[in-house]
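Q: with the sequence up front, the predicted model follows.
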Amino acid sequence: MIVLVVLVLFILGAALYAIAHFLPSAGNMKSGLQGWSIGMMIGGLVGLILIIIGPFIVNLFANAGGLPSVVCPSS
């Protein structure tokens, strides 16, 4: 599920950035679209990083509390 959200954020962010590139630079709409698109791509990147390091963080806290290793299901 999170992978789908990451993919959608990357695609929408790239599409908005491409649309903003062709707008005239005099308007405020161009800077607004570029800001939203960069924010979407950064949000997707953060989601991707959480997918990769999430299981390690969960196991780190679980092992610190004396619990056995936790297996995080992948979707």
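A: Nice, thanks for sending it over.

Q: for this structure, which residue is closest to the average position?
A: With distances taken as CA atoms, centre = their mean, residue 44 lies nearest the centre of the chain, 1.6 Å away.

Q: what about that residue, distance to residue 10?
A: 5 Å (CB to CB, to the nearest Å). (Each C-beta comes from the backbone N, C-alpha and C, glycine too.)

Q: what sits in contact with each of those two?
A: With contacts defined as CB atoms under 8 Å, 6 or more residues apart in numbering, no residue is shared by residue 44 and residue 10.

Q: low pLDDT regions in the protein?
A: 67, 69-75 (pLDDT under 70).

Q: helices along that one, start to end?
A: 2-21, 28-64 (DSSP state H).

Q: report the buried residues of the last one.
A: Pointing back at helix 28-64 there. Buried residues in helix 28-64, counting neighbours by 16 or more other CB atoms under 10 Å, are found at 30, 33-34, 37, 40-41, 44, 47-48, 51, 59.

Q: which one among those gets closest to residue 22?
A: Nearest to residue 22, judged by CB to CB, of the buried residues of helix 28-64 is residue 30 at 9.1 Å.

Q: quick check: the closest one touching residue 18?
A: No - counting by CB atoms under 8 Å, residue 30 sits too far from residue 18 to count as a contact (12.0 Å).

Q: in the chain, which residue sits furthest out from the middle?
A: Within the chain, residue 66 marks the point farthest from the mean C-alpha position, 31.7 Å out by CA atoms, centre = their mean.

Q: would you check how far apart that one and residue 7 are?
A: Distance from residue 66 to residue 7, counting by CB to CB: 38 Å.

Q: residue 40 too?
A: Separation of residue 40 from residue 7 (CB to CB) stands at 11 Å.
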